[in-house]
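J.: the sequence isn't on hand, but the structure is:
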C-alpha cells in the first residue's frame with residue numbers, strides 16, 4: 001500500500017535585501033521630510049499674534065492707569081499663547097507629525113521657562129514700582145525664550161529672538177511712556193515680519 005505524504009506548502013520567497021533596503025530608505029526619507037518641514041514655530045500663528053498685539057496697543061494707549069495698561073497687555077499675552085498653541089497644533093497636523101513631536105517638545109520646554117520668569121518678574125517690578133523696566137523685561141525674556149527654543153528649529157527663529165532681545169535691551173533704559181511703542185514694535189511688528197517669513201519659507 002502506498003504511503004501518503006503530506007503536501008508541503010512552499011515557503012514564501014524571502015524579500016530581497018535590495019527591496020528591504022529601499023523600503024527602509026524611503027521610510028527614513030519621508031520621516032525626515034515631515035520632521036524637517038515642521039519647524040515647531042507657526043508662521044501664520046505668529047502673524048495673527050502680531051495683529052492681536054497691534055489691537056492691544058491701541059487699547060493700552062487709552063488706559064489711564066498703570067493697572068489698566070498692565071491688564072491689557074497681560075490679556076494680550078494669554079490670547080497670544082492660545083493663538084500660538086492652536087497654530088502649532090494645526091501646523092503639526094498638516095505636517096503629519098504628533099503635536100508634541102521632537103521639535104515641538106524641545107521648543108516648548110525651552111520657551112516656557114523664560115515666560116514663567118517674566119510673569120514672576122512682572123509681579124516683583126510692579127510691587128517695587130519699577131514700571132519703566134516692565135516692557136524691556138518682557139521683550140528680553142520673550143526673546144530669550146525664542147532664541148533657546150529656536151535652537152531646535154530653523155535659523156530664522158533664533159534671529160527673531162535676537163531682534164526681540166535687542167529691542168528689549170533698548171527699552172530697559174527708556175521711560176514707561178515709550179513702553180507701548182516698544183511692545184508694539186516687538187510683539188506687533190516683529191511677529192508680523194517673521195511670521196510672514198516663516199509661513200512663506202517653511203509653511204504654516
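T.: Perfect, I can see it now. Computed from a prediction, not measured in an experiment: that's the story for all the values here.
J.: now the helices for the chain?
T.: Under the criterion DSSP state H, the chain contains helices at 17-37, 43-61, 66-95, 102-128, 133-150, 156-171, 179-183, 191-202.
J.: give the rounded mean pLDDT of the first one.
T.: Throughout helix 17-37, pLDDT has a mean value of 53.
J.: likewise for the longest one?
T.: Here helix 66-95 scores 88 as its mean pLDDT.
J.: do the same with the fifth one
T.: Along helix 133-150, the predicted confidence averages to a pLDDT of 93.
J.: what does the shortest one give?
T.: Helix 179-183 shows an average pLDDT of 94 in the prediction.
J.: what residues does it touch?
T.: Helix 179-183 is touched from outside by 53, 57, 60-61, 69, 73, 132, 134-136, 138-139, 167-168, 170-171, 174, with contacts defined as CB atoms under 8 Å, 6 or more residues apart in numbering. (Each C-beta comes from the backbone N, C-alpha and C, glycine too.)
J.: gap between it and the chain center?
T.: Remark: helix 179-183 is offset 22 Å from the chain centroid, using CA atoms, centre = their mean, to the nearest Å.
J.: of the contacts of helix 179-183, buried ones?
T.: When neighbours are counted using 16 or more other CB atoms under 10 Å, these contain these buried positions: 53, 57, 60, 69, 73, 132, 134-136, 138-139, 167-168, 171.
J.: mind listing what the most centrally placed residue in the chain touches?
T.: Most central residue of the chain, judged by C-alpha distance to the mean C-alpha position with CA atoms, centre = their mean, is residue 41 at 3.7 Å. Contacts of residue 41 were listed using CB under 8 Å, 6+ apart, and they are 88, 107, 149-150, 153-154, 157, 198.
J.: list the contacts for the residue nearest to residue 151 when sequence neighbours are not counted?
T.: When the adjacent residues along the chain are set aside, residue 151 lies closest to residue 158, with 6.3 Å between them (CB to CB, 6 or more residues apart in numbering). Applying CB under 8 Å, 6+ apart, we find residue 158 in contact with 146-147, 150-151.
J.: now rank those residues by neighbours and give me the top one.
T.: Among these, the one with the most neighbours (other CB atoms under 10 Å) is residue 146, at 28 neighbours.
J.: grab the nearest non-local neighbour of that one.
T.: If you skip the residues right next to it in sequence, residue 146 has residue 161 as its closest partner in space, 3.2 Å away by CB to CB, 6+ apart.
J.: one step back: in TSV: the contacts of residue 158, plus distance to residue 48.
T.: Shown next, in TSV, are these (distance: CB to CB, whole Å):
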residue	distance to residue 48
146	17
147	22
150	19
151	24
